[in-house]
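**Student:** What shape does this take:
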Amino acid sequence: MGTASHALTLVLIVAADAATQQPPREPAIGEVRDRDGKPFAGATIHLLHRAHPGIVDPELTDALEVTADPRGRFRADVLAGRPYLVWATAPGENGAFRCTTVAEGVVAGVPTVLTESEPRRVRPLQVTVDASWTKPLRFVAGATLGDVAFEQHLGPADAVVATPPWPVDTLTIQVFEDSQLVHREPVALTALGAKTLAAAVTDEERAASLARPANVLVGERTTLLLPVQDKDGTPIADASVQVDDAPFARVLGTTDAAGKLELVAAGEAKAPRATVLDGTHAEFPFDNDNLPAEGKKVEPPDLVAGSVIRGRLLTGENEPLGDVPLILDGSIRNSDNGWWWGVHPRLLASAADGTFVVRGRLQKFPFRLTAVLPPDVLAKLRGDHRTPLWPQVMVVPETADPTKDAGDIRLDRLAAIEVHVAAPDGTPPGSVQVALFPAHEEGDKRWPVRALLARTDRHGRVRVLAPKGTEVAVFAATLAGSAFGFATAGAAPLQRTLDAAQVVRLLVMADDKPLAGAGFRASSPHLEGAKGDAARVKDLLGEPMVHSWCPLLGGVTDAEGRLTIVAPVPGAQLAGFLSIDGKSMHVAIDLREALDDPVRIEFVPGKR
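**Tutor:** Numbering: from 1, shown residues only. From the prediction side, this is the model:
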């Protein structure tokens, strides 16, 4: 009896421990309406969350499907405090399927309304592969919606292949030989997508093209040999070479004994921008001309000695944390005027024993390493704290010495950067996008590499783990307004209220008629005469950084010619271009002045 009782106790302890590691879930609710505004009964609602928007990994993804009831309503239990993409689909006719608008940043407890939009198509693919390819090729469909990546492996070229039923206007068919990307082919799924890819043809021609299979032509196999040498001309064997390619750089392989790496492409081999690692770091000085397989000479890069950084991820029990994705953001060079340029993030991972290696870092070029934690680890770190933890953790902040080993990093010893955001009227704002930039010392003119993007829960709260004392500039933005300030890991929460004065409503006209489909994108905000915290963040608002985190600085006008943008800080002077059908004009908006609501803009191509 005592043995049985002891065994039962062990089972209950194990079950209770497992339960505490499961991330908490809360209900997300909403309704779906058809094009007539009636309940879209029976529609399938898709809910998608990724721990990092660019990482397509089942272990870091939460994907749910539920069905709308007869009144068009739905309910799904989602991860508490996590943002989801949400859309609905239903079967259609003649290769099309019914689809709704896509809601971004949906969190538990905030009702969502989805309305039916233009039908999408599942288009058959007519694949033609040149006879010069002897190895089997892989075909992968890829797309992004907002900043969330979609990816699906398709069948072999000789099978019946079709595009996935995604709620996007266009996608890209990617062709691989082994692990190397050799060809891309964009495919339109809607009339808007067809217009984007072929603006010069008529609406009738676009509609006819959508009814036909999409052609994927993989041209002749060509190769390009990239030489890797040191400054004395000595070949460097076994050097890792990466190509800067969004969303992450791809490791193409290592150089051979002669210091050369063979790249493969379909058709003419187009020179990529490549980076050499393994203790050295440099960019190949390629232009973007097409380089035939036997033609122009490829000059070797000017390599500079770099450092190899090592570290190890550990849990609170000092156990190694293996197979965790690591996002490396880092500058690699500066231009003649002293600006610091970032590169596309690189995707690494910790080994089974928790160790990681960052190669080719230079003394004056900082980097940031962010770990993407699985849900069970995150739930354990959160404990019973009310404010949710963001799954991306700054294990090595950008302000770290770029040549110093990271050492052992125990996740339970990291501190939280806590942010609380309220709506302009002081109420909970729903899910708010929050961007965190490293705060450099006064007089340090380095631009930050890239913002770490997070989202609050429906109450406007979020925590991001980082080494204690890490200071960041924080920007929060929704269509209701924006807010900013500075926060420190381990300090009191940063509390801010969204400023509705930062919202600018535009009305774009052409010949006194609303201009639909015009795109606007503000470039670097200027902060002349800024004071206080606004003056401190002045150097943190360079154009590359703003474009990486603030989608509300641009967009496309609706059917009535309207577009709402949101400035990141008070008193900003915004400049950008308004464009449509290959024509554009310069637009300047100064928030230091009283603006009309809406701000009316007459589209005059070429005007400044």
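
**Student:** Run a quick neighbour tally on Met469.
**Tutor:** Actually, residue 469 is Gly. It isn't Met. Using other C-beta atoms under 10 Å, Gly469 has 12 neighbouring residues. Backbone N, C-alpha and C define where each C-beta goes, glycine included.

**Student:** what does Ala487 give?
**Tutor:** 24.

**Student:** and the helix or strand encompassing it, which residues are buried?
**Tutor:** Here Ala487, judged by DSSP states H and E, is contained in strand 481-488. Judged by neighbour count using 16 or more other C-beta atoms under 10 Å, the buried positions of strand 481-488 are Gly481, Ser482, Ala483, Phe484, Ala487, Thr488.

**Student:** Could you dump those into a markdown table with pLDDT added?
**Tutor:** What follows is the buried residues of strand 481-488, written out as a markdown table (pLDDT from 0 to 100):
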| residue | pLDDT |
| --- | --- |
| Gly481 | 92 |
| Ser482 | 91 |
| Ala483 | 92 |
| Phe484 | 90 |
| Ala487 | 94 |
| Thr488 | 95 |
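
**Student:** And the contacts of the strand holding Ala487?
**Tutor:** The contact list for strand 481-488 (C-beta atoms under 8 Å, 6 or more residues apart in numbering) reads 417-419, 421, 423-424, 436, 439, 469-477, 493-494, 496-503, 533-534, 536-537, 552, 566-569.

**Student:** about what we covered before: with the buried residues of strand 481-488 in mind, which one is nearest to Asp581?
**Tutor:** Ser482 (31.1 Å; C-beta to C-beta).

**Student:** Dig out what that closest one forms beta bridges with.
**Tutor:** Ala477, Asp499 (DSSP bridges).

**Student:** Just list the residues touching the residue nearest to the spatial centre of the chain, thanks.
**Tutor:** Geometric centre of the chain, nearest residue: Asp147, 4.0 Å, by C-alpha atoms, centre = their mean. By C-beta under 8 Å, 6+ apart, Asp147 lies in contact with Pro53, Gly54, Leu453.

**Student:** okay if I get the buried residues of strand 481-488 as TSV plus distance to Thr112?
**Tutor:** Listed next are these as TSV, based on distance: C-beta to C-beta, whole Å:
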residue	distance to Thr112
Gly481	21
Ser482	22
Ala483	24
Phe484	27
Ala487	29
Thr488	34
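
**Student:** Now Lys404: closest residue in space that isn't a chain neighbour?
**Tutor:** Excluding the flanking residues, the one nearest Lys404 by C-beta to C-beta, 6 or more residues apart in numbering is Ile309, at 7.2 Å.

**Student:** Can you pull out the low-pLDDT segments for the stretch 151-300 of the chain?
**Tutor:** The stretch 151-300 of the chain contains residues with pLDDT under 70 at 157-160, 199-200, 231, 243-252, 269-275, 278-300.

**Student:** any chance you could map the strands in it?
**Tutor:** 161-162, 170-177, 180-188, 214-218, 221-227, 240-243, 250-254, 260-266, 269-270, 274-276, 280-283, 290-291 (DSSP state E, counting those that start in this stretch).

**Student:** Okay, Asn403 and Pro366: tell me how far apart.
**Tutor:** To be clear, residue 403 is Thr; Asn isn't right here. Between Thr403 and Pro366 the distance, using C-beta to C-beta, to the nearest Å, works out to 10 Å.
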